[in-house]
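*Asks:* coordinates only, sequence not included:
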């Protein structure tokens with residue numbers, strides 16, 4: 001039986017929310033082994049001078065702990 005841990009990260013993209021999720025998962029994989037899932041907890045649009053300039057997501061990333 002595996003034991004998993006959940007950690008929370010924030011990722012941002014200038015393209016889209018989807019790109020921010022992909023960017024966050026890709027970065028999490030560099031540090032965490034056994035990433036199995038990512039849940040989008042929150043989304044925010046970054047606004048400057050009345051224009052959307054970025055897309056930010058808060059992710060809960062699930063990974064399996066090593067024995």
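*Replies:* Good, I have the coordinates. All values derive from a computational prediction rather than experimental measurement. Numbers count the residues shown, from 1 in each chain.

*Asks:* dump the residue contacts of residue 16.
*Replies:* Residues in contact with residue 16, defined by C-beta atoms under 8 Å, 6 or more residues apart in numbering, are residue 55. Where C-beta positions appear, they are placed from N, C-alpha and C, glycine not excepted.

*Asks:* at 10 Å what do you get?
*Replies:* 22, 55 (C-beta atoms under 10 Å, 6 or more residues apart in numbering).

*Asks:* Give me the pLDDT for it.
*Replies:* Residue 16 carries a pLDDT value of 98.

*Asks:* Next one: it from residue 41, what distance?
*Replies:* From residue 16 across to residue 41, the span is 17 Å (C-beta to C-beta, to the nearest Å).

*Asks:* again with residue 47
*Replies:* Distance from residue 47 to residue 41, by C-beta to C-beta: 20 Å.

*Asks:* Break down the protein into its helices, ranges please.
*Replies:* Listed in chain order, the helices found in the chain under DSSP state H are 17-31.
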